[in-house]
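Q: Only the shape, not the letters, is given here:
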(Lines give C-alpha, C1' and ligand atoms only; values in the text may rest on other atoms or scores of the structure.)
Protein backbone atom coordinates (compact mmCIF):
# COMPACT_ATOMS: atom_id res chain seq x y z
CA UNK A 1 0.00 0.00 0.00
CA UNK A 2 1.68 3.18 -1.20
CA UNK A 3 -0.79 5.63 0.34
CA UNK A 4 -2.64 5.46 3.61
CA UNK A 5 -5.80 3.37 3.33
CA UNK A 6 -9.09 4.08 5.04
CA UNK A 7 -9.43 2.01 8.22
CA UNK A 8 -12.32 0.86 10.37
CA UNK A 9 -11.39 -0.05 13.94
CA UNK A 10 -13.92 -2.58 15.24
CA UNK A 11 -14.37 -3.07 18.99
CA UNK A 12 -16.76 -5.67 20.45
CA UNK A 13 -18.04 -4.75 23.91
CA UNK A 14 -19.83 -6.92 26.44
CA UNK A 15 -20.37 -5.56 29.96
CA UNK A 16 -17.38 -3.29 29.54
CA UNK A 17 -18.51 -0.32 31.60
CA UNK A 18 -15.25 -0.31 33.60
CA UNK A 19 -12.99 -0.02 30.56
CA UNK A 20 -14.85 1.01 27.39
CA UNK A 21 -14.52 4.78 27.90
CA UNK A 22 -10.72 4.56 28.23
CA UNK A 23 -10.59 2.33 25.15
CA UNK A 24 -12.61 4.73 22.99
CA UNK A 25 -10.68 7.79 24.21
CA UNK A 26 -7.39 6.15 23.27
CA UNK A 27 -8.74 5.39 19.78
CA UNK A 28 -9.97 8.94 19.32
CA UNK A 29 -6.48 10.20 20.19
CA UNK A 30 -4.71 8.14 17.51
CA UNK A 31 -2.21 9.73 15.15
CA UNK A 32 -3.97 8.80 11.93
CA UNK A 33 -5.34 11.36 9.48
CA UNK A 34 -8.85 12.54 10.29
CA UNK A 35 -11.32 11.30 7.72
CA UNK A 36 -9.30 8.17 7.00
CA UNK A 37 -10.45 6.11 9.97
CA UNK A 38 -13.65 5.35 11.80
CA UNK A 39 -14.33 3.65 15.13
CA UNK A 40 -17.04 1.00 15.15
CA UNK A 41 -18.13 -0.25 18.59
CA UNK A 42 -20.51 -3.20 18.75
CA UNK A 43 -22.44 -3.58 22.01
CA UNK A 44 -22.88 -7.34 22.39
CA UNK A 45 -26.14 -7.20 24.43
CA UNK A 46 -24.47 -5.79 27.54
CA UNK A 47 -26.48 -5.81 30.76
CA UNK A 48 -24.43 -3.19 32.64
CA UNK A 49 -23.82 0.49 31.88
CA UNK A 50 -21.90 -0.07 28.65
CA UNK A 51 -24.67 1.30 26.39
CA UNK A 52 -25.06 4.41 28.55
CA UNK A 53 -21.34 5.13 28.45
CA UNK A 54 -21.15 4.56 24.70
CA UNK A 55 -24.02 6.97 24.13
CA UNK A 56 -21.72 9.81 25.21
CA UNK A 57 -19.52 9.04 22.18
CA UNK A 58 -22.40 8.81 19.71
CA UNK A 59 -21.18 11.73 17.58
CA UNK A 60 -17.64 10.37 17.31
CA UNK A 61 -18.18 6.62 17.05
CA UNK A 62 -20.38 4.36 14.95
CA UNK A 63 -22.42 2.41 17.51
CA UNK A 64 -23.94 -0.95 16.62
CA UNK A 65 -25.76 -3.68 18.54
CA UNK A 66 -25.50 -7.44 18.23
CA UNK A 67 -27.83 -9.71 20.22
CA UNK A 68 -26.05 -12.98 19.39
CA UNK A 69 -23.54 -13.57 22.16
CA UNK A 70 -19.86 -13.87 21.43
CA UNK A 71 -17.07 -11.63 20.11
CA UNK A 72 -17.13 -13.45 16.75
CA UNK A 73 -20.72 -12.38 16.09
CA UNK A 74 -20.02 -8.85 17.34
CA UNK A 75 -16.93 -8.44 15.17
CA UNK A 76 -18.71 -9.80 12.10
CA UNK A 77 -21.47 -7.25 12.65
CA UNK A 78 -18.83 -4.53 12.83
CA UNK A 79 -17.11 -5.67 9.64
CA UNK A 80 -20.40 -5.75 7.73
CA UNK A 81 -21.11 -2.12 8.64
CA UNK A 82 -17.51 -0.89 8.29
CA UNK A 83 -16.44 1.29 5.39
CA UNK A 84 -12.65 1.00 5.61
CA UNK A 85 -10.35 -0.72 3.14
CA UNK A 86 -8.54 -2.14 6.18
CA UNK A 87 -10.24 -3.54 9.27
CA UNK A 88 -8.41 -3.31 12.59
CA UNK A 89 -9.54 -5.01 15.80
CA UNK A 90 -8.94 -4.33 19.45
CA UNK A 91 -10.91 -5.17 22.61
CA UNK A 92 -12.96 -3.07 25.00
CA UNK A 93 -10.50 -3.75 27.83
CA UNK A 94 -7.56 -2.43 25.80
CA UNK A 95 -6.08 1.00 25.21
CA UNK A 96 -3.85 1.78 22.25
CA UNK A 97 -0.77 3.95 21.82
CA UNK A 98 -1.27 7.01 19.64
CA UNK A 99 0.88 5.51 16.88
CA UNK A 100 -0.75 2.05 17.07
CA UNK A 101 -2.89 2.20 13.93
CA UNK A 102 -0.24 3.91 11.82
CA UNK A 103 2.34 1.23 12.64
CA UNK A 104 -0.11 -1.63 12.27
CA UNK A 105 -1.31 -0.51 8.86
CA UNK A 106 2.29 0.05 7.73
CA UNK A 107 2.92 -3.67 8.24
CA UNK A 108 0.42 -4.48 5.48
CA UNK A 109 3.00 -3.72 2.84
CA UNK A 110 1.96 -6.03 0.02
CA UNK A 111 -1.03 -7.99 -1.19
CA UNK A 112 0.63 -11.11 0.27
CA UNK A 113 -0.01 -9.95 3.86
CA UNK A 114 -3.31 -11.19 5.24
CA UNK A 115 -2.95 -10.11 8.88
CA UNK A 116 -0.66 -7.80 10.84
CA UNK A 117 -0.47 -8.11 14.61
CA UNK A 118 1.25 -5.84 17.12
CA UNK A 119 2.71 -6.03 20.61
CA UNK A 120 0.35 -6.72 23.53
CA UNK A 121 1.43 -5.39 26.91
CA UNK A 122 -0.19 -5.32 30.32
CA UNK A 123 -1.76 -2.06 31.44
CA UNK A 124 0.42 -0.08 33.81
CA UNK A 125 0.74 -0.13 36.76
CA UNK A 126 0.47 -3.90 37.10
CA UNK A 127 1.17 -6.62 39.62
CA UNK A 128 3.29 -9.69 38.88
CA UNK A 129 0.30 -11.80 37.88
CA UNK A 130 -0.79 -9.19 35.33
CA UNK A 131 2.79 -8.97 34.07
CA UNK A 132 2.78 -12.74 33.53
CA UNK A 133 -0.15 -12.24 31.16
CA UNK A 134 2.28 -10.77 28.65
CA UNK A 135 3.67 -14.28 28.20
CA UNK A 136 0.21 -15.63 27.42
CA UNK A 137 -0.32 -12.87 24.85
CA UNK A 138 3.19 -13.00 23.33
CA UNK A 139 2.32 -12.01 19.79
CA UNK A 140 5.84 -12.33 18.43
CA UNK A 141 5.89 -16.03 19.34
CA UNK A 142 2.33 -16.60 18.12
CA UNK A 143 3.12 -15.11 14.71
CA UNK A 144 6.80 -15.89 14.14
CA UNK A 145 7.43 -19.14 16.04
CA UNK A 146 4.21 -21.15 16.32
CA UNK A 147 3.23 -23.47 13.49
CA UNK A 148 0.65 -22.77 12.29
CA UNK A 149 0.86 -19.10 13.32
CA UNK A 150 -2.05 -17.11 14.66
CA UNK A 151 -2.97 -13.51 15.49
CA UNK A 152 -4.90 -12.26 18.53
CA UNK A 153 -7.80 -9.93 17.80
CA UNK A 154 -6.96 -7.43 20.52
CA UNK A 155 -4.20 -6.24 18.12
CA UNK A 156 -5.02 -7.19 14.51
CA UNK A 157 -5.38 -5.54 11.10
CA UNK A 158 -6.37 -7.10 7.76
CA UNK A 159 -7.45 -5.89 4.35
CA UNK A 160 -11.23 -6.03 4.35
CA UNK A 161 -11.13 -8.13 1.17
CA UNK A 162 -9.07 -10.82 2.92
CA UNK A 163 -11.55 -11.13 5.78
CA UNK A 164 -14.43 -11.46 3.34
CA UNK A 165 -12.54 -14.02 1.26
CA UNK A 166 -11.89 -16.12 4.38
CA UNK A 167 -15.53 -15.94 5.44
CA UNK A 168 -15.18 -13.77 8.56
CA UNK A 169 -15.24 -15.23 12.09
CA UNK A 170 -16.92 -18.55 12.85
CA UNK A 171 -19.76 -17.58 15.19
CA UNK A 172 -19.91 -21.02 16.78
CA UNK A 173 -16.77 -20.04 18.74
CA UNK A 174 -17.03 -18.09 21.99
CA UNK A 175 -13.24 -18.03 22.30
CA UNK A 176 -10.30 -18.88 19.99
CA UNK A 177 -12.26 -17.51 17.03
CA UNK A 178 -9.18 -15.46 16.16
CA UNK A 179 -6.99 -18.58 16.04
CA UNK A 180 -9.51 -20.26 13.75
CA UNK A 181 -9.75 -17.31 11.34
CA UNK A 182 -5.96 -16.81 11.40
CA UNK A 183 -5.46 -20.39 10.29
CA UNK A 184 -8.05 -20.13 7.53
CA UNK A 185 -6.35 -16.98 6.22
CA UNK A 186 -2.97 -18.74 6.47
CA UNK A 187 -4.36 -21.68 4.46
CA UNK A 188 -5.38 -19.24 1.71
CA UNK A 189 -1.68 -18.49 1.26
CA UNK A 190 -1.45 -15.13 3.02
CA UNK A 191 1.39 -14.09 5.31
CA UNK A 192 0.89 -13.21 8.98
CA UNK A 193 3.34 -10.52 10.11
CA UNK A 194 4.38 -9.09 13.47
CA UNK A 195 4.77 -5.35 14.03
CA UNK A 196 6.44 -4.65 17.39
CA UNK A 197 5.83 -0.90 17.22
CA UNK A 198 2.03 -1.28 17.13
CA UNK A 199 1.33 -1.43 20.87
CA UNK A 200 -1.86 -2.01 22.84
CA UNK A 201 -2.24 -2.31 26.61
CA UNK A 202 -4.57 -5.02 27.87
CA UNK A 203 -6.28 -5.37 31.23
CA UNK A 204 -4.78 -8.75 32.15
CA UNK A 205 -6.08 -11.05 34.86
CA UNK A 206 -4.78 -9.87 38.23
CA UNK A 207 -5.46 -12.90 40.44
CA UNK A 208 -4.51 -16.57 40.31
CA UNK A 209 -8.21 -17.45 40.16
CA UNK A 210 -8.62 -15.27 37.08
CA UNK A 211 -5.52 -16.82 35.53
CA UNK A 212 -6.95 -20.31 36.10
CA UNK A 213 -10.25 -19.30 34.45
CA UNK A 214 -8.40 -17.85 31.48
CA UNK A 215 -6.41 -21.06 31.09
CA UNK A 216 -9.61 -23.09 31.35
CA UNK A 217 -11.33 -21.13 28.58
CA UNK A 218 -8.22 -21.40 26.40
CA UNK A 219 -8.28 -25.16 26.91
CA UNK A 220 -11.97 -25.67 26.15
CA UNK A 221 -12.01 -23.75 22.89
CA UNK A 222 -8.56 -24.89 21.77
CA UNK A 223 -10.05 -28.38 21.44
CA UNK A 224 -12.69 -27.15 18.98
CA UNK A 225 -10.06 -25.23 17.05
CA UNK A 226 -7.84 -28.31 16.84
CA UNK A 227 -10.78 -30.43 15.74
CA UNK A 228 -11.75 -27.95 13.02
CA UNK A 229 -8.17 -27.60 11.75
CA UNK A 230 -6.77 -31.08 12.42
CA UNK A 231 -5.22 -31.39 8.96
CA UNK A 232 -3.30 -28.14 9.42
CA UNK A 233 -2.10 -28.76 12.99
CA UNK A 234 -1.28 -32.48 12.75
CA UNK A 235 2.48 -32.93 12.64
CA UNK A 236 3.04 -29.21 12.29
CA UNK A 237 4.66 -28.45 15.60
CA UNK A 238 1.53 -27.89 17.68
CA UNK A 239 2.33 -28.23 21.39
CA UNK A 240 -0.05 -30.64 23.06
CA UNK A 241 -0.38 -31.18 26.81
CA UNK A 242 1.17 -34.65 26.76
CA UNK A 243 3.11 -36.56 29.44
CA UNK A 244 6.00 -34.15 29.09
CA UNK A 245 3.59 -31.28 29.75
CA UNK A 246 2.39 -32.94 32.95
CA UNK A 247 6.00 -33.11 34.08
CA UNK A 248 6.40 -29.44 33.22
CA UNK A 249 3.37 -28.49 35.32
CA UNK A 250 4.77 -30.47 38.26
CA UNK A 251 8.14 -28.80 37.83
CA UNK A 252 6.53 -25.36 37.88
CA UNK A 253 4.59 -26.22 41.01
CA UNK A 254 7.78 -27.37 42.73
CA UNK A 255 9.58 -24.25 41.56
CA UNK A 256 6.78 -22.12 42.97
CA UNK A 257 7.66 -23.40 46.43
CA UNK A 258 11.43 -22.95 46.41
CA UNK A 259 12.44 -20.64 43.57
CA UNK A 260 13.14 -16.93 43.75
CA UNK A 261 10.91 -16.72 40.71
CA UNK A 262 8.11 -18.49 42.52
CA UNK A 263 5.40 -15.99 41.46
CA UNK A 264 6.08 -16.55 37.79
CA UNK A 265 6.34 -20.32 38.31
CA UNK A 266 3.07 -20.35 40.22
CA UNK A 267 1.39 -18.27 37.49
CA UNK A 268 2.58 -20.67 34.80
CA UNK A 269 1.44 -23.72 36.75
CA UNK A 270 -1.95 -22.15 37.52
CA UNK A 271 -2.55 -21.28 33.87
CA UNK A 272 -1.39 -24.73 32.69
CA UNK A 273 -3.61 -26.56 35.20
CA UNK A 274 -6.57 -24.41 34.12
CA UNK A 275 -5.84 -25.14 30.48
CA UNK A 276 -5.52 -28.86 31.18
CA UNK A 277 -8.90 -28.90 32.94
CA UNK A 278 -10.38 -26.95 30.04
CA UNK A 279 -9.04 -29.47 27.53
CA UNK A 280 -10.68 -32.30 29.45
CA UNK A 281 -14.00 -30.41 29.37
CA UNK A 282 -13.51 -29.43 25.74
CA UNK A 283 -12.74 -32.99 24.68
CA UNK A 284 -16.06 -34.10 26.20
CA UNK A 285 -17.98 -31.13 24.77
CA UNK A 286 -16.69 -31.30 21.20
CA UNK A 287 -16.09 -35.06 20.90
CA UNK A 288 -12.40 -34.72 20.07
CA UNK A 289 -9.63 -35.97 22.34
CA UNK A 290 -6.74 -33.57 22.93
CA UNK A 291 -5.26 -34.33 26.34
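A: Happy to help now that I have it. In this text the structure is predicted, and so the values were computed from the model without any measurement.

Q: May I ask you to name the longest helix in this protein?
A: helix 262-286 (DSSP state H).

Q: Okay, buried residues for that helix please.
A: Of the residues in helix 262-286, 263-276, 278-280, 282-283, 286 count as buried by neighbour count, 16 or more other Cβ atoms under 10 Å. Every C-beta, even on glycine, is put in place using the N, C-alpha and C of the backbone.

Q: now swap in stretch 63-72 and tell me
A: For stretch 63-72, burial by neighbour count (16+ other Cβ under 10 Å) applies to 63-64, 66, 70-72.

Q: cool, stretch 108-119 as well?
A: 108, 113-119.

Q: mind listing what residue 13 touches?
A: 20, 41-44, 46, 50, 54, 74, 92 (Cβ atoms under 8 Å, 6 or more residues apart in numbering).

Q: try 7 Å
A: 20, 41-44, 46, 50, 92 (Cβ atoms under 7 Å, 6 or more residues apart in numbering).

Q: Now distance to residue 125 too, for those residues, in JSON lines please.
A: Output for those, formatted as JSON lines (distance: Cβ to Cβ, whole Å):
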{"residue": "20", "distance to residue 125": "21"}
{"residue": "41", "distance to residue 125": "26"}
{"residue": "42", "distance to residue 125": "30"}
{"residue": "43", "distance to residue 125": "29"}
{"residue": "44", "distance to residue 125": "29"}
{"residue": "46", "distance to residue 125": "27"}
{"residue": "50", "distance to residue 125": "25"}
{"residue": "92", "distance to residue 125": "20"}
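
Q: any low-confidence regions in the protein?
A: By pLDDT under 70, the low-scoring segments of the chain are 1-2, 231-260, 290-291.

Q: Would you tell me which strand is longest in it?
A: Using DSSP state E, we find that the single longest strand of the chain is strand 191-202.

Q: quick one: strands adjacent to it?
A: strand 94-96 (antiparallel), strand 113-122 (parallel) (DSSP bridges).

Q: Isn't residue 132 up against residue 269?
A: No - counting by Cβ atoms under 7 Å, residue 132 does not reach residue 269; the two are 11.0 Å apart.
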